[in-house]
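Student: Predicted model follows, preceded by the sequence.
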Amino acid sequence: MSPKDAPIGVFDSGVGGLSVLREIRVQMPSESVLYFADQGHVPYGLRGLDEVQAFSEEITRFLLFLGAKLIVVACNTASAAALRHLRQTFPATSFVGMEPAVKPAAESTHTGVIGILATPATFQGTLYTSLVERFGSGVTILQDTCPGLVGQIEKDELDSPKTRSILEKALYPMLGQGIDTIVLGCTHYPFVIPLVKQIVGQDVRVIDPAPAVARQVARLLDKEGARSVVSLPGVPYFFTSGDVAQFTLRLPILLGETGEVRQIAWEGRKICF
């Protein structure tokens, strides 16, 4: 198979990476995509970094076996835990990962106070520490892990009282300290942007990383001469280690399209297919 005809591989702990896939589909509609939702292990944010690294390596092997030409680690926790390891383990493969948008937030803030919503594992990772050291000087950075928010989004409760309560608990103290920018440091969180904006108001900027990630994917494909040249829309293929029926129901709501979803099983830290 020519690299131009090969699919892009995308994975996340669950439905969060669909926010990235959605933007890839907008910017590169002719690209076919393999999407792996590891819902059998969601949420990654509460797991140890070594465990997330092992899951990420095995999922990458699976996507490469299916012919992926590039891997998008559409999960902030997996990027923090495993991106460096994946690049070392698979040196012939290009990877695009997620990182909290500390730099654009720090550059655009007027009040000098920004808020970051992310999982505990993301905040504990060396990638986040490096971003804060490089770009966070001169600004006040407020953090919150939003306990339970990923689970709410996995259940498609995007505007429920419980989801609102989680976000209000995180955002109201930040608003009290003068934030004017919110960074979404988890790929699940863009699905609650409407609710976040209701809470913070129109004067607070909310940064969704997905468009920038899709642009980086496009740049790498162009650089490697691997961009699809067909005029027809690419095909998305979906895999989940969770409930196929539930994942299928959420696709048109979260992605705006649907497709065949295949069940994947884990035996320990190995994928069986």
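Tutor: Sure, I can see it.

Student: And this protein, split by domain according to the record?
Tutor: Annotated domains of the chain cover 8-98+211-272, 102-208 [automatic domain parsing].

Student: out of those domains, which comes closest to Ser2?
Tutor: Closest to Ser2 of the domains of the chain is domain 8-98+211-272 (C-beta to C-beta; 8.6 Å). From N, CA and C alone the C-beta is placed, and that goes for glycine too.

Student: can you give me the strands in the stretch 51-200 of the chain?
Tutor: Using DSSP state E, counting those that start in this stretch, the strands of the stretch 51-200 of the chain run over 70-73, 95-96, 113-118, 140-144, 181-185.

Student: Export the ones you listed as CSV, with columns for distance to Ala105.
Tutor: Listed next are those as CSV, based on distance: least, C-beta to C-beta, whole Å:
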stretch, distance to Ala105
strand 70-73, 21
strand 95-96, 20
strand 113-118, 4
strand 140-144, 8
strand 181-185, 5
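
Student: Mind checking those strands for the one nearest to Lys223?
Tutor: strand 70-73 (10.6 Å).

Student: Pull the residues that contact that closest one.
Tutor: Strand 70-73 has contacts (C-beta atoms under 8 Å, 6 or more residues apart in numbering) with 8-11, 17, 20, 24, 56, 60, 63-64, 79, 82-83, 86, 90, 93-98, 213, 217, 220-221, 224, 226.

Student: mean confidence for stretch 250-264?
Tutor: Stretch 250-264 carries an average pLDDT of 94.

Student: Can you dump the C-alpha atoms of it in PDB for me?
Tutor: Extracted in PDB, the C-alpha atoms of stretch 250-264 (Å, rounded to 0.1, in the frame of the first residue of the first chain):
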ATOM      1  CA  ARG A 250     -22.200   8.300  20.600                       C
ATOM      2  CA  LEU A 251     -20.400   8.600  17.200                       C
ATOM      3  CA  PRO A 252     -23.100  10.800  15.400                       C
ATOM      4  CA  ILE A 253     -23.400  13.000  18.500                       C
ATOM      5  CA  LEU A 254     -19.700  13.600  19.200                       C
ATOM      6  CA  LEU A 255     -18.200  13.100  15.700                       C
ATOM      7  CA  GLY A 256     -21.100  14.000  13.400                       C
ATOM      8  CA  GLU A 257     -20.700  10.700  11.500                       C
ATOM      9  CA  THR A 258     -20.700   7.000  12.100                       C
ATOM     10  CA  GLY A 259     -19.200   3.800  10.900                       C
ATOM     11  CA  GLU A 260     -18.600   0.200  11.700                       C
ATOM     12  CA  VAL A 261     -17.200  -0.400  15.200                       C
ATOM     13  CA  ARG A 262     -15.300  -3.500  16.000                       C
ATOM     14  CA  GLN A 263     -14.700  -5.100  19.400                       C
ATOM     15  CA  ILE A 264     -11.200  -5.500  20.700                       C
END
